[in-house]
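Visitor: Need a 3D model of the following:
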Amino acid sequence: MVGSVPRFDVATGSPAKQRADLLLLPAFQGPEAGPGVREVGRALDVEITALLEENGFRGSLGEISTLPTLGRGEARTVAVLGLGPKDEATSERIRRAAGRAAATAGRYKTVAATVPAGGKGPWREAVQAFVEGILLGAYRFDRYKVRPVEDEAPPPRWDRITVLAPPRWDAKGAREALRRGEIVAEAVSWARDLVNTPALDATPDFLAKEARRMSRAVGLECNVLTKADLEKGGFGGIIGVGRGSENPPRLIELRYEGGGRGKPVALTGKGVTFDSGGLSIKDAKQMEWMKSDMAGAATMLAAMRAIARLKPKVNVIAAIPSAENLPGGAAIRPGDVLRHRGGKTSEVLNTDAEGRLILADALAYLAERDPAVIVDAATLTGAAMIALGQELWAVMGSDRALVRELLDAGRDAGEPGWELPLWTSYRKQIKSNVADVKNIGDRYGGAITAGLFLKEFVGDVPWAHLDIAGTAFAEKGGDYWPAGATGNPVRTVIRFVERRARRS
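Guide: Numbering: from 1, shown residues only. The predicted structure follows:
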């Protein structure tokens, strides 16, 4: 997690008169002074941007330079943070810059900061993005380390971070933006923790217990279906994938009652806690990061956690399947046929195409509840990763309006995606001679045929599928995440649900 989470507050008044161990001020590319820079410069009797420019500072995104005040200012140290070109100062740029500034800010007990408003986007979005960025940038997963690593930043020392608001901002709106940023960042960090936890510990039962604990804390209804419940309920996909492991599968049901008048929004995510490929076994290199194959489940669990705290006026249900895919003596074999929830059958030709098998059960189960829409997220295919790389998730679905909603939510949350066609002509690739459908198609278009397989189980309910294989786990760190789990696309799902609430 982030470590110590500071107390966030809002203050008005001159940045030059703000007492803090660190005063964090923005600058744009040039450098061009951002809010508070000139005012603080006058108090210190120095032209800050000219001084920085002489020392090579250009205001590039995430660039940071610190200046001691030598007792001439109320703050002990001033840090100027680059945001890049002024006309590109979106909320995501603020989030990224704040993420890069987290290591510097974390060295101080009290931090005060100005946040640019009047660029691209409302000021509340900018404030929320600043909080998200600085908290997510401070995230570390070190619970398995006996001693700190010398080249890693130490845990943050901060106690309080104060956002300095201009008079035109209303204090209530600013505090709400701070609160939202904290809630969202906490949810993303929790999702990262779940994904980063080794599969030896993060079993399906572990996920279920974490879901129960979280639900008690935030006020969600939670019910967990055990292996016996799944067998009785006809969840043949979840049972089949989990057969090779001594860790039995689970299905986690969550319910949020927000008082919405319409049908509920339904969510699910792939929860394969480790994917060896089963009998269609992966090579050793591919398995190194397969603890992350439950990132779709972590996404939806974390989104539900934030939704319960943000309290949008909409009802949300989630059914999250979890199993471990191992090649034990009881494991399913290529050629086996599974009977899914609702009775539809699938022929398993490749046991490494297992995520769609457990999602099929969850989708059919949610469709029985007649929701307004169903959205799933899964680290489903390498094909999506090959098509779109590691910065975009893929989306496809049976309802174009729903797909556009998700794309809009992702863009605005700083987690962009891209639509792939659910090309129905490819349906023939997954036609089986012995079952209703088979779990793989031809080599080409693998992300699309996986989506077409899932579509078989949603009936007439509007549905969209996020393939997050490229975005959920990073081998190299980014602006506000270290190497490992990114927490993408938790923010997208939260924003999507909140916008649905405003429509109901």
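Visitor: What segments of the stretch 101-250 of the chain are strands?
Guide: Applying DSSP state E, counting those that start in this stretch to the stretch 101-250 of the chain gives strands spanning 110-114, 160-164, 221-225, 250-256.
Visitor: In a markdown table, list those strands along with mean neighbour count and distance to residue 366.
Guide: Using the backbone N, CA and C atoms, a C-beta is placed for each residue, glycine as well. Shown next, in a markdown table, are those (neighbours: other C-beta atoms under 10 Å; distance: least, C-beta to C-beta, whole Å):
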| stretch | mean neighbour count | distance to residue 366 |
| --- | --- | --- |
| strand 110-114 | 25 | 42 |
| strand 160-164 | 22 | 40 |
| strand 221-225 | 17 | 13 |
| strand 250-256 | 24 | 10 |
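Visitor: how about these in CSV, adding mean pLDDT and distance to residue 461?
Guide: Converted to CSV, those look like this (pLDDT from 0 to 100; distance: least, C-beta to C-beta, whole Å):
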stretch, mean pLDDT, distance to residue 461
strand 110-114, 97, 45
strand 160-164, 96, 42
strand 221-225, 98, 21
strand 250-256, 98, 17
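Visitor: can you redo the ones you listed as TSV with distance to residue 468?
Guide: Shown next, in TSV, are the strands of the stretch 101-250 of the chain (distance: least, C-beta to C-beta, whole Å):
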stretch	distance to residue 468
strand 110-114	32
strand 160-164	30
strand 221-225	24
strand 250-256	18
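Visitor: any low-confidence regions in the chain?
Guide: 1-4, 118-121, 148-151 (pLDDT under 70).
Visitor: one step back: quick one, which of the strands of the stretch 101-250 of the chain gets closest to residue 23.
Guide: Ranking the strands of the stretch 101-250 of the chain by proximity to residue 23 (C-beta to C-beta) places strand 110-114 first, at 5.2 Å.
Visitor: Please export the C-alpha coordinates of the closest one as CSV.
Guide: Output of strand 110-114 as CSV, limited to C-alpha atoms (Å, rounded to 0.1, in the frame of the first residue of the first chain):
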residue,chain,number,x,y,z
THR,A,110,4.0,18.8,6.0
VAL,A,111,3.5,19.7,2.4
ALA,A,112,1.5,22.5,0.8
ALA,A,113,0.7,22.7,-2.9
THR,A,114,-1.0,24.8,-5.5
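Visitor: Mind jotting down where the strands sit in the stretch 251-400 of the chain?
Guide: 265-269, 271-275, 316-325, 336-339, 345-348, 373-378, 393-397.
Visitor: got a markdown table for those strands, with distance to residue 421 and mean neighbour count too?
Guide: Formatted as a markdown table, the strands of the stretch 251-400 of the chain follow (distance: least, C-beta to C-beta, whole Å; neighbours: other C-beta atoms under 10 Å):
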| stretch | distance to residue 421 | mean neighbour count |
| --- | --- | --- |
| strand 265-269 | 22 | 28 |
| strand 271-275 | 26 | 29 |
| strand 316-325 | 26 | 29 |
| strand 336-339 | 27 | 18 |
| strand 345-348 | 23 | 22 |
| strand 373-378 | 18 | 29 |
| strand 393-397 | 7 | 26 |
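Visitor: Export stretch 130-137 to CSV, keeping only CA atoms.
Guide: Taking Å, rounded to 0.1, in the frame of the first residue of the first chain, the C-alpha atoms of stretch 130-137 are listed here in CSV:
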residue,chain,number,x,y,z
PHE,A,130,-3.4,15.6,-7.8
VAL,A,131,-4.4,13.5,-4.8
GLU,A,132,-4.6,10.3,-6.8
GLY,A,133,-1.3,10.9,-8.4
ILE,A,134,0.7,11.7,-5.3
LEU,A,135,-0.8,8.7,-3.4
LEU,A,136,-0.5,6.3,-6.2
GLY,A,137,3.1,7.5,-6.9
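Visitor: Which residue is most remote from the mean position of the protein?
Guide: What lies farthest from the middle of the chain is residue 45; by C-alpha atoms, centre = their mean that is 44.2 Å.
Visitor: tell me the contacts of the closest residue in space to that residue that isn't next to it in sequence?
Guide: Leaving out its chain neighbours, the residue that sits closest to residue 45 by C-beta to C-beta, 6 or more residues apart in numbering is residue 72, at 7.1 Å. Going by C-beta atoms under 8 Å, 6 or more residues apart in numbering, residue 72 touches 43-45.
Visitor: ok, now how distant is residue 72 from residue 467?
Guide: Using C-beta to C-beta, to the nearest Å, we find residue 72 at a distance of 55 Å from residue 467.
Visitor: Same question for residue 231.
Guide: From residue 231 over to residue 467 (counting by C-beta to C-beta), the distance is 29 Å.
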